[in-house]
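Undergrad: How does the following fold in three dimensions:
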Amino acid sequence: MGQLQQADDLAQVAAEARAKRIPVLIAFMQQSCPYCAIARKNHLLPIQADPQWGKRVLIREVDVDRNTALRDFAGAPTTHRAFARLHQVQKVPTL
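TA: Numbers count the residues shown, from 1 in each chain. Okay, here's the model as predicted:
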């Protein structure tokens, strides 16, 4: 079934979502989290893979423990970890 699409440029994702008039779902996850793995496998990946749902929501994953580069919704450079902290994510999975 694959993997969730990692967040890399949320400003671009937001522009795409506005054009399609659909929401963006940010999945704050952690690689070592067993509940994240269950949410990913049983819920988020099937939604992402379903062509009908693909027309209704854009899903992007943010790894709360990684310093992977990311552009936030305003286009400013940040990291996955800093973006999660900015949004006060304290437990995972958080959607």
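
Undergrad: Helices along this structure, start to end?
TA: Secondary structure of the chain (DSSP state H): helices located at 10-20, 34-39, 45-49, 51-54, 80-86.

Undergrad: helices or strands up against the first one?
TA: With contacts defined as 3 or more C-beta pairs under 8 Å, 6 or more residues apart in numbering; DSSP states H and E, helix 10-20 has these neighbours: strand 24-29, strand 58-63, strand 69-71. Quick note: C-beta positions are derived from backbone N, CA and C, even for glycine.

Undergrad: Throw the ones you listed into CSV and include mean pLDDT, distance to Cys36 and mean neighbour count, thanks.
TA: Output for the helices and strands packed on helix 10-20, formatted as CSV (pLDDT from 0 to 100; distance: least, C-beta to C-beta, whole Å; neighbours: other C-beta atoms under 10 Å):
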stretch, mean pLDDT, distance to Cys36, mean neighbour count
strand 24-29, 98, 4, 21
strand 58-63, 97, 9, 21
strand 69-71, 98, 18, 17
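
Undergrad: need those in CSV with distance to Tyr35, can you?
TA: Converted to CSV, the helices and strands packed on helix 10-20 look like this (distance: least, C-beta to C-beta, whole Å):
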stretch, distance to Tyr35
strand 24-29, 9
strand 58-63, 14
strand 69-71, 23
